[in-house]
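Undergrad: what follows is a predicted structure for the sequence shown.
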2 protein chains.
Amino acid sequence: MTETRVPTPTLERLATYLRVLLDAREAGLETLSSRDIERFCGISAAQFRKDLSYFGEFGKPGVGYSTQQLIECIERILRLDREQPMLLVGAGNLGAALVGYPNFRAHRFRIAAVFDNNFVKIGRPFGELIIEDIARLKEVNAQIGAQIAIIAVPASAAQEVADQLVEAGIRAILNFAPTSLKVPPHVHVRNVSFLQELAVLSYHLAQEPSPWERDTEHALTDGCVSNQRAANSRRTRTTRKQTGARR
Amino acid sequence: MTETRVPTPTLERLATYLRVLLDAREAGLETLSSRDIERFCGISAAQFRKDLSYFGEFGKPGVGYSTQQLIECIERILRLDREQPMLLVGAGNLGAALVGYPNFRAHRFRIAAVFDNNFVKIGRPFGELIIEDIARLKEVNAQIGAQIAIIAVPASAAQEVADQLVEAGIRAILNFAPTSLKVPPHVHVRNVSFLQELAVLSYHLAQEPSPWERDTEHALTDGCVSNQRAANSRRTRTTRKQTGARR
DNA sequence: CATTAATTGTGAAATCGGTCACAAAATGGC
DNA sequence: GCCATTTTGTGACCGATTTCACAATTAATG
């Protein structure tokens, strides 16, 4: 609340709170308590209050929070209170899904231009926009002044695109390509990785095999043993216990 | 590394390591050290070693890790070593991007069926699949036996879809709808929220305004003051310091 | 106006995740 | 075979985040 940097998890949750509040306002609720928030999105009431405490005091003891006022405050904190033009690079399937994504507007994000390097696509309409030549990135953004860009190109092209975006004055990148971008320190990057999310789910499934699988599969306990040194030396250091993949 | 639960951040990073390893194998590198990994994806060498230590020992001191062996081990850990059929619900733009997503196959994920509730779409081709009636979810999955599903429908329909998926035996859900799903405890959910990611980026931009904006805008320090009680009572509790949004 | 019930904001404690540093292991050179 | 060099695996430390618990505040009731 006084001088601390705000933890990223707090920022992420703020967006969730905002969504809940918007729904609540839609439903005509004028105030919400932290316990209501917990019911609606599963984030604990204490967590919610602690998160808000980084920014000030917004509630009334005994009453809760004014839906309308808290919406306005969170929107200001997150800079969602003004139009934000964005650049989209990559006019493929994913790009098409993004230009058609209806929820951007509620948060005042707007895709202001689309770029691709495929000369067959350049000049064609894409949603309500015309696909621009990626070579004109800097030139076009001199007009638009976008600070945020979305990368929706294959991994092999992503780094080059990122470099061009930085060159064009972009300071924040939402990256859908499965690759680790290298950018100067003043540029923020957030990665969205379907594969990563699926991998985490897949891991958890493996931990608790489904009933019909349990008796035909024993791979959970064999499988990934230590390989190399597994069956030989090592394990002599201190009191090496059961080496190998557990669980 | 003996009985601890594996932290989720570790699981997420595992997917990144795998990507790096796959690229390295492609490039003909037979071994990699933890410092190489750090160079390629920015995750610290110590972090990498610690992450692996949850699962066993995979490297050779003085040498590094066999690319091929480590790929195989991580694939086993993440259950990426066998085909995983998935159900996709929602045959809109996003669904189209997902059925066409080329990277699923490298990790053996496969969209085995697509569902929608729009009778105009049902029966039409969608990529290489035919759109099925959502009402046939359970019936169809009795054949497929998928444990993972992807929700790519509007938020308003997401909870109902989730309920039907659980009913159809699904145990893991990748949710693209901006809503908090309620599912039984044995079902895992991961949310993908563009808006949340953009909101975090937007916040950081607000913290460090771009040069050309700095002298025309002063909104950073005014803006979201505490509202309610801001200018009146309160602040009497202990030694309440400067109330209101900072920064 | 006093009492009760609800709810906030926040220090303090607990938990969790990340970094460091170093002993142990592997390799290459001589 | 021995020494120098590299790199692993991990315990110990440290910082960040979450949870807890409670004093303070508000509103409602009689």
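TA: Now that the structure is in, tell me what you want to look at. Small disclaimer: the values here were computed from a predicted structure and weren't measured.
Undergrad: and the lengthiest strand in chain A, which residues are buried?
TA: In chain A, taking DSSP state E as the definition, the longest strand is strand A:109-116. By 16 or more other Cβ atoms under 10 Å in any protein chain shown, the buried positions in strand A:109-116 come out as A:109, A:111-116. (Each C-beta comes from the backbone N, C-alpha and C, glycine too.)
Undergrad: tell me how far it is from the chain's mean position?
TA: 18 Å (Cα atoms, centre = their mean, to the nearest Å).
Undergrad: tell me which strands it pairs with, and in which orientation.
TA: Strand pairing for strand A:109-116, using DSSP bridges, gives strand A:84-89 (parallel), strand A:129-133 (parallel).
Undergrad: most tightly surrounded among those?
TA: Between the strands paired with strand A:109-116, strand A:84-89 has the highest mean count of neighbours, a mean of 23, where neighbours are mean count of other Cβ atoms under 10 Å in any protein chain shown.
Undergrad: run through who's touching the helix or strand immediately after it in the chain.
TA: Once the chain leaves strand A:84-89, the next helix or strand it forms, by DSSP states H and E, is helix A:93-99. Residues from elsewhere that reach helix A:93-99 (Cβ atoms under 8 Å, 6 or more residues apart in numbering or on different chains): A:88-89, A:111, A:114, A:116, A:126-129, A:150, A:152, A:176, B:92-94, B:96-97, B:100-101, B:194.
Undergrad: if you set the cut-off to 7 Å instead, what comes out?
TA: By Cβ atoms under 7 Å, 6 or more residues apart in numbering or on different chains, the list of residues contacting helix A:93-99 from outside reads A:88, A:111, A:114, A:126-127, A:129, A:150, A:152, A:176, B:93-94, B:96-97, B:100.
Undergrad: repeat that for stretch A:186-201.
TA: Residues contacting stretch A:186-201 (Cβ under 7 Å, 6+ apart): A:166, A:170-176, A:178, A:181, A:183, B:8, B:11-12, B:14-15, B:78, B:80, B:101, B:103, B:107, B:109, B:148, B:172, B:174, B:188, B:190, B:192, B:194, B:197, B:200-201, B:204.
Undergrad: can you tell me if it touches DNA strand C.
TA: No - for stretch A:186-201, no contact with DNA strand C is found by Cβ under 7 Å from any atom of the strand; the gap never falls below 12.0 Å.
Undergrad: list the buried ones in that stretch?
TA: Neighbour-count burial for stretch A:186-201 [16+ other Cβ under 10 Å]: A:187-188, A:190-201.
Undergrad: of all those, which comes closest to residue A:48?
TA: Taking Cβ to Cβ as the measure, residue A:190 is the one of the buried residues of stretch A:186-201 closest to residue A:48, at 22.6 Å.
Undergrad: look up how far DNA strand C lies from that closest one.
TA: Using Cβ to the nearest atom of the strand, to the nearest Å, residue A:190 is found at 16 Å from DNA strand C.
Undergrad: tell me the helix or strand right after the host helix or strand of that residue.
TA: Per DSSP H and E: residue A:190 is located in strand A:188-191. Proceeding N to C from strand A:188-191, the next assigned helix or strand is helix A:194-207, under DSSP H and E.
Undergrad: just how off-centre is that next one within its chain?
TA: For helix A:194-207, the distance to the chain centre is 17 Å (Cα atoms, centre = their mean).
Undergrad: returning to that earlier point: of the contacts of stretch A:186-201, just the buried ones, PyMOL syntax please.
TA: Per 16+ other Cβ under 10 Å, the buried members of the contacts of stretch A:186-201 correspond to this PyMOL selection:
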select buried, (chain A and resi 166+170+171+172+173+174+175+176+178+181+183) or (chain B and resi 11+12+14+15+78+80+101+107+109+148+172+174+188+190+192+194+197+200+201+204)
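Undergrad: from the contacts of stretch A:186-201, which land in helices?
TA: A:166, B:8, B:11-12, B:14-15, B:194, B:197, B:200-201, B:204 (DSSP state H).
Undergrad: closest one of those residues to residue A:158?
TA: The closest of the ones in helices among the contacts of stretch A:186-201, once distances to residue A:158 are taken by Cβ to Cβ, is residue A:166, at 12.6 Å.
Undergrad: and the gap between the closest one and residue B:43?
TA: Going from residue A:166 to residue B:43 by Cβ to Cβ, to the nearest Å gives 22 Å.
Undergrad: quick one, which of the strands paired with strand A:109-116 is nearest to residue A:25?
TA: strand A:84-89 (21.4 Å).
Undergrad: contacts for the closest one next, please.
TA: Contacts of strand A:84-89 (Cβ under 7 Å, 6+ apart): A:95, A:98-99, A:108-115, A:134, A:141, A:144-146, A:148-153, A:161, A:170, B:202.
Undergrad: one more pass at 6 Å, please.
TA: A:95, A:108-115, A:144, A:146, A:148-151, A:153, A:161 (Cβ atoms under 6 Å, 6 or more residues apart in numbering or on different chains).
Undergrad: repeat for stretch A:29-37
TA: Applying Cβ under 6 Å, 6+ apart, the contact partners of stretch A:29-37 are A:20, A:24, A:45, A:48-49, A:64-67.
Undergrad: select from these the one having the most neighbours.
TA: residue A:65 (27 neighbours; other Cβ atoms under 10 Å in any protein chain shown).
Undergrad: my read is it is in a strand, agree?
TA: Yes - the assignment for residue A:65 is a strand, going by DSSP: H, G, I helix; E, B strand; the rest coil.
Undergrad: pull the number of nearby residues for the nearest residue to residue A:158 once chain neighbours are set aside.
TA: Leaving aside its chain neighbours, residue A:158 sits nearest to residue A:177 (3.6 Å; criterion: Cβ to Cβ, 6 or more residues apart in numbering or on different chains). Residue A:177 has 24 neighbours, counted by other Cβ under 10 Å.
Undergrad: check contacts around residue A:177.
TA: Contacts of residue A:177 (Cβ under 6 Å, 6+ apart): A:151, A:155, A:158.
Undergrad: weed out the non-buried ones from the residues you listed.
TA: Looks like the contacts of residue A:177 have A:151, A:155, A:158 buried, using 16+ other Cβ under 10 Å.
Undergrad: the last one sits in which helix or strand?
TA: Yep, that's residue A:158 we're talking about. Short version: residue A:158 belongs to helix A:155-167, going by DSSP H and E.
Undergrad: ok, and for that helix, which residues are buried?
TA: Buried residues in helix A:155-167 (16+ other Cβ under 10 Å): A:155, A:157-159, A:161-162, A:164-166.
Undergrad: okay then, goodbye and thanks.
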